[in-house]
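> Following is a predicted model, sequence given first.
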Amino acid sequence: MSDEIPTDRAVIDRIVDGHTAVLLVGPSEEPLHVPVDVLPEDATEGSWLVLDLAELIVGIDHELTDVRASEVRARMHRIRQERRGGRFER
């Protein structure tokens, strides 16, 4: 996976009780809890956000969201292939 995550980006890790979003901020993935009503309308779990300290969240970084989702899919594909190849004990 790419380790070049800008410090002003955060991914929506999860939504808790429909009211709080847990964001993982920057390359260190520091958790940040924010109300879901501050998120962009089309934001979902896995969306990468552009942060602004004055506004908190400016919008979704669609390009980074797509890149990271592709990396996760590729990693999951490799894991599934390794399991099928008998590399994992059950």
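Yes, it's here. Numbers count the residues shown, from 1 in each chain.
> Kindly indicate whether T65 is helix, strand or coil.
helix (DSSP: H, G, I helix; E, B strand; the rest coil).
> burial measure for it, as a count.
In terms of burial, T65 registers 19 neighbours under the definition other C-beta atoms under 10 Å. C-betas here are computed from N, CA, C, even on glycine.
> Skipping adjacent residues, who's closest to it in space?
Of all residues not flanking T65 in the chain, W48 sits nearest, at 4.4 Å (C-beta to C-beta, 6 or more residues apart in numbering).
> how about that neighbour, what does it touch?
Going by C-beta atoms under 8 Å, 6 or more residues apart in numbering, W48 touches R9, A10, V11, I60, D61, L64, T65, R68.
> closest to V34 among those residues?
Nearest to V34 among those, counting by C-beta to C-beta, is A10 at 9.1 Å.
> Specify the beta-bridge partners of that closest one.
Here A10 sits in beta bridges with V25, L49, as judged by DSSP bridges.
> Next one: it from E63, what distance?
15 Å (C-beta to C-beta, to the nearest Å).
> Kindly report the same for L23.
18 Å.
> what do you get for A74?
For A74, the distance to E63 - C-beta to C-beta - is 17 Å.
> same question, E30
Distance from E30 to E63, by C-beta to C-beta: 22 Å.
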